[in-house]
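**Student:** Make a model of this:
(2 chains)
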Amino acid sequence: MPGKIRKRSPLKLPDKPYIALGLEGSANKLGAGVIKHAPNGSTTVLSNVRHTYITPPGEGFLPRDTAQHHRQWAMSVIKDAIEKAGISMHDIDCICYTKGPGMGAPLTSVALVARTLSLLYNKPLVGVNHCVGHIEMGRQITGAQNPVVLYVSGGNTQVIAYSQQCYRIFGETLDIAVGNCLDRFARVINLPNDPSPGYNIEQEAKKGTRLLPLPYTTKGMDVSLSGILTSTEAYTMDKRFRSDGRADDGDKDIITPQDLCFSLQETVFAMLVEITERAMAHIGSKEVLIVGGVGCNERLQEMMGVMAQERGGQVFATDERFCIDNGIMIAQAGLLSYRMGFQTPITKSTCTQRQVFRTDQVHVAWRA
Amino acid sequence: MQTSSSSTQLLLASSTLISQGAEAASPLRISKVFKARLHPASRNDAKNSPDEFVLLKYRFNKQYRHPTLDGTLTKARVTGEARAIVKCQRAGVNVPSVRMVDASEGVLGLHWIDGKSVRFLLGGGAEGEEEVDESTVEDVVDEEEEEDLLAGYDISKGTIYTRLVGRDASDEAVEEIMQKIGTEIAKMHRADVIHGDLTTSNMMLYHPRSGRTDLVLIDFGLAYTSTLVEDKAVDLYVLERAFSSTHPASEDLVTLVLKAYEKTMGKEWKSISRRLDDVRLRGRKRSMVG
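**Tutor:** Numbering: from 1, shown residues only, chains lettered A, B, ... in the order given. Below is the predicted model of the structure:
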């Protein structure tokens, strides 16, 4: 392009096909995926298997039980992934696992599986930052070059942009994550956790008509979400609230759970789109990439699309296969750093649930 | 623009949109900024008086937002910004005075400041330049024009342009700007207004041709009222970070700003200074998720 100086990518084309196995288990999804980087530069997803720990309505997932679920399913999920990819464990170049951030117990149980496989088959380990996994997967699937990334999931809400071999966080939530906010509200109105609470909120919101006033709390490029959750919950104690959604005596002035889902989504997503827009304006980018579990919400994608269009830009999003936590994203980010010569020695193959391993702590060696 | 015939819309239609890279434009560029005259009659007789111009900050409709939500938000933000500015003005802070408010249309009219941002004058480059690596960075001002614009910025003795070439923090001109910055921020904080986005792009110096030398704080889009030491300290911390990301040798500059701030702030400074040290240690404001 004229006037543009494209820096040469430090990542060289592979001299042989590389295959990586990715293991993800930072929250309630256990994922295993196999990805292949061919010498011509193309990337193929060979398999992508996931098993989700689903709790009864009104309950969230606890670390201990989630870890138990992962231990129980690890063998069959990995076996399934290897079989679907049509390869054997010996063809793999490296085993990538989620180093963090996430829930402690599930992380360690998956890391243990990764270490065991690494010793059994004598394969190098690569520890991967969960957030960077999401971003790299999103870039790979959508083909977005240098987008502003909105990373929205149950544990994270961040607006990220790439700069000098680092994914810089421009804005983020000051308290709870957006997925956490939606999931917890789903629990309040007793929506099922199957397939996911966020999906059920989205479906309910489609039936909502009334926009109720909720706090709108963007602070510069950051957002605060906990107060909105409290306010939405407070409406369920309101005299006008009908949990069955039916007006008994032709009364028009009622609040239904659908209205609350609708209002919650409209308010929270408007805030997210706004901070993304600020980040785009700040760095002068026209591409947006939405990743993370909440990213498969079609209303969020639609709103982001309208915003991007207003600015003459474009939005990139993926569907639930790649948006929601999966093994492929870990394999993709892990293989990229493995090809740059990065490995995690077994003595250092720890996990961290803390945000000390933040998105901007990762050295993105494979980008210019 | 909508085909509405309200007087505000007519005013917008008759005004010129300022290019997005312009200094007066908000660094966030979420709103559109126009230059206009409130009294069309004065168009002929007062050609050389820049005081006649107003700056219109237009928060246009965001199509992605629910219309009801968008309406209430825009109204609240326009009135909020206007209130913060008026409050500052009462406290004697140099701010552009409010000329008109149309909250339902999302338009705020401010006194036009004929000048340049401090960021520009200190050679901080175009907005957002340091973050952009691959995309096009259009330098809005070419060399010749720059010379012309900067000539005659007379702060103490000699032009500021010649004094800024060395970019030495001990230089009187720079020192004087830093003092002005510190004083203005202190005045604002004494009125319990928190700016929320203190950067050198949000401070302007009048062009010498206007005959004024004051430093003006602009863009109160993120401003709010607070008496808390914490909020004031964070406000200063934001400024510090903005300095370090845009200007070389910023530590000396910030020290100068804080010295002037301390002088105007008086005894409240002690607690703010202590809190500022705390805020600095925090690095990023927090490191855990919920």
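**Student:** which residues of the stretch 1-150 of chain B score low on pLDDT?
**Tutor:** Applying pLDDT under 70 to the stretch 1-150 of chain B flags residues B:1-5, B:18-30, B:39-51, B:123-150.
**Student:** Beyond the lengthiest helix in chain A, next helix or strand please.
**Tutor:** Assignment by DSSP state H gives helix A:257-283 as the longest helix of chain A. Proceeding N to C from helix A:257-283, the next assigned helix or strand is strand A:287-291, under DSSP states H and E.
**Student:** Adjacent strands (with direction) for that next one?
**Tutor:** strand A:148-152 (parallel), strand A:314-317 (parallel) (DSSP bridges).
**Student:** Beyond that strand, next helix or strand please.
**Tutor:** helix A:298-310.
**Student:** Output the contacting helices and strands for that next one.
**Tutor:** Applying 3 or more Cβ pairs under 8 Å, 6 or more residues apart in numbering or on different chains; DSSP states H and E, one finds that helix A:298-310 contacts helix A:197-207, helix A:257-283, strand A:287-291, strand A:314-317. C-betas here are computed from N, CA, C, even on glycine.
**Student:** does stretch A:94-103 come close to chain B?
**Tutor:** Yes - using Cβ under 8 Å from any Cβ of the partner chain, stretch A:94-103 reaches chain B at A:Pro101.
**Student:** tell me how far that stretch is from the chain's mean position?
**Tutor:** The chain centre lies 14 Å from the centre of stretch A:94-103; the measure is Cα atoms, centre = their mean, to the nearest Å.
**Student:** what is the mean pLDDT for that stretch?
**Tutor:** The average pLDDT within stretch A:94-103 is 93.
**Student:** Mind exporting the C-alpha coordinates of it to CSV?
**Tutor:** Presented in CSV, the C-alpha positions along stretch A:94-103 are these (Å, rounded to 0.1, in the frame of the first residue of the first chain):
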residue,chain,number,x,y,z
CYS,A,94,4.9,-29.4,20.8
ILE,A,95,2.3,-29.6,23.6
CYS,A,96,0.8,-26.2,24.4
TYR,A,97,-1.2,-25.6,27.6
THR,A,98,-2.8,-22.6,29.3
LYS,A,99,-0.4,-21.1,31.8
GLY,A,100,-3.0,-18.5,33.0
PRO,A,101,-4.8,-16.4,33.9
GLY,A,102,-7.8,-18.4,35.1
MET,A,103,-9.1,-20.5,37.9
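**Student:** those helices in chain B, which residues are they?
**Tutor:** B:7-13, B:42-45, B:67-90, B:118-121, B:143-150, B:160-164, B:172-190, B:229-246, B:250-265, B:269-282.
**Student:** Same question for the stretch 1-150 of chain A.
**Tutor:** A:63-85, A:104-121, A:130-142 (DSSP state H, counting those that start in this stretch).
**Student:** Return the residues in contact with residue 200.
**Tutor:** You didn't pick a chain, so chain A it is. Contacts here follow Cβ atoms under 8 Å, 6 or more residues apart in numbering or on different chains; on that basis A:Asn200 touches A:186, A:191-192.
**Student:** I was thinking of chain B, sorry if that wasn't clear
**Tutor:** Contacts of B:Thr200 by Cβ under 8 Å, 6+ apart are B:117-119, B:122, B:124, B:242-243, B:246-247.
**Student:** how close does it sit to B:Leu236?
**Tutor:** 14 Å (Cβ to Cβ, to the nearest Å).
**Student:** ok, now B:Leu205?
**Tutor:** From B:Leu205 to B:Leu236 the distance is 21 Å (Cβ to Cβ).
**Student:** Nearest spatial neighbour of B:Asp219, chain-adjacent residues omitted?
**Tutor:** Leaving aside its sequence neighbours, B:Asp219 sits nearest to B:Asn202 (Cβ to Cβ, 6 or more residues apart in numbering or on different chains; 4.7 Å).
**Student:** Contact partners for the closest residue to B:Asp102 other than its chain neighbours?
**Tutor:** Closest residue in space to B:Asp102, ignoring its immediate chain neighbours: B:Thr8 at 4.4 Å, by Cβ to Cβ, 6+ apart. Shown in contact with B:Thr8 (Cβ under 8 Å, 6+ apart): B:102, B:105, B:107.
**Student:** Same question for B:Phe53.
**Tutor:** Contact analysis of B:Phe53 by Cβ under 8 Å, 6+ apart lists B:35-37, B:112, B:114.
**Student:** Just the closest of those to chain A, please.
**Tutor:** The shortest approach to chain A among the contacts of B:Phe53 belongs to B:Lys35, at 19.9 Å (Cβ to the nearest Cβ).
**Student:** Mind giving me the packing neighbours of the helix or strand bottoming out on mean pLDDT in chain A?
**Tutor:** Lowest on mean pLDDT, DSSP states H and E among the helices and strands of chain A sits strand A:218-219, with a mean of 82. Other helices and strands packing on strand A:218-219, by 3+ Cβ pairs under 8 Å, 6+ apart, are helix A:257-283.
**Student:** any bit of the helix it packs on sitting next to chain B?
**Tutor:** Yes - judged by Cβ under 8 Å from any Cβ, helix A:257-283 and chain B are in contact via A:266-267, A:270, A:273-274, A:277-278, A:281-283.
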